[in-house]
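Engineer: Need coordinates for the below:
(one chain, ligands or ions: 1)
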Amino acid sequence: VNENVDSEMIVYLNAKERIDLRARNPQIWARLLRELKACHSESGQRKLKVTELGGGLGGLACALLDACDEIPLDYTLVELDARVAATAQARLEGQSYSQHTVSVVNDDLLNPGLPDQIGQADLVVAQSMLDLLDLRVALPHIVELAKPGALFYAPVTFNGFTEFRPPYADSQVEYQLLTTYHRSMDEHTGIHPDAGGSRAGWVLQRNIRRQGGAVLETGSSDWLVTSDPAEPTHRDFLTHILNFFEHSLSNRTDFPQYQLNLWLDQRRQEMDNGHLMLHIHNLDLLAEFPS
Ligand SMILES: C[S@@+](CC[C@H](N)C(=O)[O-])C[C@H]1O[C@@H](n2cnc3c(N)ncnc32)[C@H](O)[C@@H]1O
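Structural biologist: Take a look at the predicted model:
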């Protein structure tokens with residue numbers, strides 16, 4: 001285990017939580033709560049089962065559990081990374097929900113034994129993680145984790161656009177850098193129009209419809225982040241994003257490494273001076289799985 005990488009991930013996920021809180025689309029959130037209320041009454045007021053995939057530190061879990069004070073939830077957070085899962089578990093166990101039950105499972109959502117282990121949910125949640133997986137492979141596993149006709153809430157899924165400000169002196173170089181970065185995401189998930197990757201937001205909607213599901217609501221949930229010294233969490237977030245660019249573009253033959261280093265130096269300097277701005281386009285989705 002690389003301790004530094006692990007702690008950087010936890011600092012990033014903490015920072016991301018505050019940014020997501022502002023980014024998530026409020027109309028889709030309100031519709032989700034209305035749908036859960038309806039589902040709760042139709043079920044004869046039973047506890048609703050929720051499964052969150054790649055739940056990270058549990059920020060969305062806490063937001064949803066707090067918002068559902070009149071709808072009792074049996075909430076299971078599935079997380080692949082053992083240390084992240086342990087942090088989420090300690091956090092969620094520290095909350096004293098009288099109406100909800102909460103558990104954390106350290107597992108891979110692609111594990112075929114998972115549906116037997118945790119059962120099928122009334123609502124499946126997956127935030128900011130579907131761009132990491134080949135959707136052709138992941139969606140059938142996700143469908144197995146849901147009851148027929150269950151709800152699917154997938155907020156803050158990356159959808160193809162990244163922009164830094166102020167303008168970079170050589171805009172062509174930055175354009176090429178961003179294009180290579182998006183390509184590296186596609187290579188990770190598989191270069192195929194249905195795999196998702198850098199277009200996961202759109203592809204997810206199309207693939208859900210193709211599987212016989214229905215899209216109830218969709219909207220944007222962009223991240224707009226500035227390196228304002230008064231917002232230290234923004235700085236943590238931007239530090240991670242720049243490190244992630246470095247990690248994704250180092251040792252590639254399709255982007256000059258000296259250009260990468262010049263770009264990173266300038267963007268890190270702008271971050272330190274409080275001038276760096278980042279816009280990332282994400283989509284929120286609320287859907288219904290096939291009945
Ligand atoms: C970008 S983070 C987002 C975390 C959280 N959903 C949030 O929005 O803060 C992606 C998370 O998905 C987890 N993850 C990635 N692949 C996974 C898989 N196959 N099964 C379960 N979790 C996975 C990662 O460990 C990481 O915690």
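
Engineer: Residues of the stretch 1-150 of the chain that sit close to the ligand?
Structural biologist: 13, 16, 20, 53-56, 59, 78-81, 84, 108-110, 127-129, 132 (C-beta under 6 Å from any ligand atom). Glycine gets a C-beta too; all of them are placed from N, C-alpha and C.

Engineer: Now which of these would you call buried?
Structural biologist: Among these, the ones that count as buried by 16 or more other C-beta atoms under 10 Å are 13, 16, 20, 53-56, 59, 78-81, 84, 109, 127-129, 132.

Engineer: Mind giving me the packing neighbours of the host helix or strand of Thr162?
Structural biologist: Under the criterion of DSSP states H and E, Thr162 resides in strand 146-165. Other elements packing on strand 146-165 under the criterion 3 or more C-beta pairs under 8 Å, 6 or more residues apart in numbering; DSSP states H and E are helix 3-23, helix 26-42, strand 121-126, helix 171-189, helix 200-210, strand 277-288.

Engineer: among the residues of the stretch 1-150 of the chain next to the ligand, which are in strands?
Structural biologist: Secondary structure from DSSP state E places Leu53, Val78, Glu79 of these in strands.

Engineer: what's the last one in contact with, if anything?
Structural biologist: Glu79 makes contact with Gly54, Gly55, Gly56, Ala85, Ala88, Val104, Val105, Asn106, Asp107, according to C-beta atoms under 8 Å, 6 or more residues apart in numbering.

Engineer: what does the helix or strand bottoming out on mean pLDDT in the chain rub up against?
Structural biologist: Ranking every helix and strand in the chain by mean pLDDT, DSSP states H and E puts helix 3-23 at the bottom, with a mean of 88. For helix 3-23, contacts defined as C-beta under 8 Å, 6+ apart pick out 56-57, 59-60, 63, 81, 83-84, 87, 127-128, 155-156, 221-223, 225, 233-234, 236-237, 240, 243, 282.

Engineer: Can you turn the buried part of the residues you listed into a ChimeraX selection?
Structural biologist: With 16+ other C-beta under 10 Å as the criterion, this ChimeraX line picks the buried residues out of the contacts of helix 3-23:
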select :56,57,59,60,63,81,83,84,87,127,128,155,156,221,222,223,225,233,234,236,237,240,282
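
Engineer: ok, now how distant is Gly58 from Asn251?
Structural biologist: Using C-beta to C-beta, to the nearest Å, we find Gly58 at a distance of 34 Å from Asn251.

Engineer: Please look at Phe152 and Leu285 and confirm they touch.
Structural biologist: Yes. Using C-beta atoms under 8 Å, Phe152 makes contact with Leu285 at a distance of 7.3 Å.

Engineer: Give the residues shared as contacts by these two.
Structural biologist: Ile208.

Engineer: Contacts only, for the residue nearest the centre of the chain.
Structural biologist: Taking C-alpha atoms, centre = their mean, the centroid of the chain lies closest to Ser128, which sits 1.0 Å from it. Going by C-beta under 8 Å, 6+ apart, Ser128 touches Lys16, Asp20, Gly54, Gly56, Pro155, Val156, Thr157, Phe158, Asn282.

Engineer: In this structure Tyr75 contacts Ala61, no?
Structural biologist: Yes. The pair Tyr75 and Ala61 passes the contact test of C-beta under 8 Å, sitting 6.0 Å apart.

Engineer: Spit out the residues that contact the two alike.
Structural biologist: Common contact partners of Tyr75 and Ala61 (C-beta under 8 Å, 6+ apart): Glu52, Val102.
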